[in-house]
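Undergrad: let me see the structure of the following:
(one chain, ligands or ions: 1)
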Amino acid sequence: DKSLRQTADERGFNFGVAVDPDALRNDVSYRARVRDEFNTLTPENALKMGPLRPSPETYDFGDADAIVNFARANDMDVRGHTLVWHNQTPTWFQPWDYTDDQLERFLREHIQTVVGRYRRTVDVWDVVNEAVADDGTMRETVWYDAMGETYLDRAFEWAHEVDPEADLYYNDYGADAINEKSDAVYDLLERLLDRGVPIDGVGLQLHALGEWPDCESIAENIRRFQALGLDVQITEMDVAFPAGEAPEDALQRQAAFYRDVVEVCLDTGVDTLVTWGVGDANSWIRVFRDFSERYTGDPLLFDDRNRPKPAYDAVIDAL
Ligand code: XIL
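TA: Residues are numbered from 1 along each chain as shown. As a prediction, the model looks like this:
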């Protein structure tokens with residue numbers, strides 16, 4: 001039988017996975033799955049500001065380099081995640097220590113350094129992550145407070161100057177189907193495009209936790225972003241039931257949802273889908289207590305021992 005990677009390669013589809021550098025180094029079965037089953041990698045944490053910046057003056061590229069080098073050695077694409085976010089900033093980073101101008105310079109220097117280092121090795125950047133709040137207003141982050149909405153304009157412009165070849169994405173959760181939040185993301189991206197900001201696409205995270213978005217609505221949502229001239233990718237997919245409510249046929253229902261989403265991708269011309277982890281044992285849902293209490297902790301294509309689940313067969317079948 002053909003692996004997921006072979007099937008995706010033949011289809012010209014980018015099927016990706018979020019990876020952890022320690023597991024990639026130390027866990028043989030994990031490493032083999034990543035290499036054999038996927039053709040695109042997203043560092044799950046290694047390119048975020050916190051992990052990259054041990055102190056104000058220094059960068060630690062060790063983990064990110066390990067992932068990017070592994071991807072290149074195995075002929076995979078890399079999604080760089082993420083340059084600007086309100087979460088996972090370094091612990092030493094206290095915004096009130098900086099003036100607005102200093103924050104802007106700090107962000108510019110960060111983007112120029114990181115994008116510059118991975119020029120021609122990172123294919124796609126999630127330049128800005130989660131800038132819109134759940135109610136559709138702009139999220140009040142350190143960057144928004146310092147620069148207003150133009151922090152997005154500048155971030156995309158700086159990244160584009162350093163690597164004009166890279167595809168630059170806006171990425172968010174809960175904006176997968178048509179809803180209040182995706183309306184707000186749509187309006188935001190339309191404003192950016194009107195201002196001539198160099199943005200190529202929108203990443204829909206698709207963390208289907210508890211309530212799963214409706215696939216017809218996802219397709220409609222994808223099409224309206226495409227009509228703006230943007231590419232769309234599914235960037236962080238996982239699929240969980242509410243804790244304690246998983247039905248008997250949970251694995252089959254999960255597989256059916258994965259299949260439906262792959263079909264939406266093929267129908268709409270979306271060529272990239274990334275799952276947020278290899279096996280269930282590595283899923284972020286397991287790690288956070290409030291999450292693991294709310295949702296079932298088996299949201300991925302491979303089980304606790306990295307063996308394929310029904311969802312794995314379903315996505316191959318759909319491709
Ligand atoms: C998560 C990682 O999976 C965890 O390991 C980390 O502790 C917190 O961040 N949206 C995103 C991702 O854009 O970066 C998040 O990843 C999950 C939600």
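Undergrad: stretch 299-306: how far from the chain's middle?
TA: Taking the mean C-alpha point of stretch 299-306 and that of its whole chain, the gap between them comes to 19 Å (CA atoms, centre = their mean, to the nearest Å).
Undergrad: residues contacting it, please?
TA: Counting by CB atoms under 8 Å, 6 or more residues apart in numbering, the neighbours of stretch 299-306 from elsewhere in the structure are 4, 29-30, 33, 37, 208-209, 238-240, 254, 258, 275-283, 285, 298, 308-309, 311-312, 315. In this view, the C-beta of every residue, glycine as well, is placed from N, C-alpha and C.
Undergrad: which residue ranges form the strands in the protein?
TA: Using DSSP state E, the strands of the chain run over 14-19, 40-43, 77-84, 124-129, 167-172, 201-204, 207-209, 231-240, 272-275.
Undergrad: and the chain, which residues reach the ligand?
TA: Within the chain, the positions adjacent to the ligand are 44, 45, 129, 173, 205, 236, 284 by CB under 6 Å from any ligand atom.
Undergrad: out of the residues you listed, who has the most neighbours?
TA: residue 236 (25 neighbours; other CB atoms under 10 Å).
Undergrad: would you mind measuring from it to residue 275?
TA: In this view, residue 236 and residue 275 are 8 Å apart by CB to CB, to the nearest Å.
Undergrad: give me the common contacts of those two.
TA: Looking at what touches both residue 236 and residue 275 (by CB under 8 Å, 6+ apart), the common residues are residue 18.
Undergrad: about what we covered before: just the buried subset of the contacts of stretch 299-306, please.
TA: Neighbour counting over those (16 or more other CB atoms under 10 Å) leaves 4, 30, 33, 37, 208-209, 238-240, 254, 258, 275-283, 285, 298, 308-309, 311-312, 315 as the buried ones.
Undergrad: quick revisit: could the strands of the chain be laid out in TSV, adding mean pLDDT?
TA: Written out in TSV, the entries for the strands of the chain read as follows (pLDDT from 0 to 100):
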stretch	mean pLDDT
strand 14-19	98
strand 40-43	98
strand 77-84	98
strand 124-129	99
strand 167-172	99
strand 201-204	99
strand 207-209	97
strand 231-240	98
strand 272-275	99
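Undergrad: with adjacent residues omitted, what lies nearest to the residue nearest to the spatial centre of the chain?
TA: In the chain, the centroid-proximal residue (CA atoms, centre = their mean) is residue 235; its distance is 3.8 Å. If you skip the residues right next to it in sequence, residue 235 has residue 203 as its closest partner in space, 3.7 Å away by CB to CB, 6 or more residues apart in numbering.
Undergrad: next one: residue 295
TA: On the basis of CB to CB, 6+ apart, the spatially nearest residue to residue 295 that is not a chain neighbour turns out to be residue 240, at 3.9 Å.
Undergrad: and what of residue 72?
TA: Closest residue to residue 72 in three dimensions, ignoring its sequence neighbours and counting by CB to CB, 6+ apart: residue 121, at 6.2 Å.
Undergrad: the residue nearest to residue 264 when sequence neighbours are not counted: neighbour count?
TA: Among residues not flanking residue 264 along the chain, residue 219 sits closest, at 4.8 Å (CB to CB, 6+ apart). Here the count is done by other CB under 10 Å, and residue 219 has 19 residues near it.
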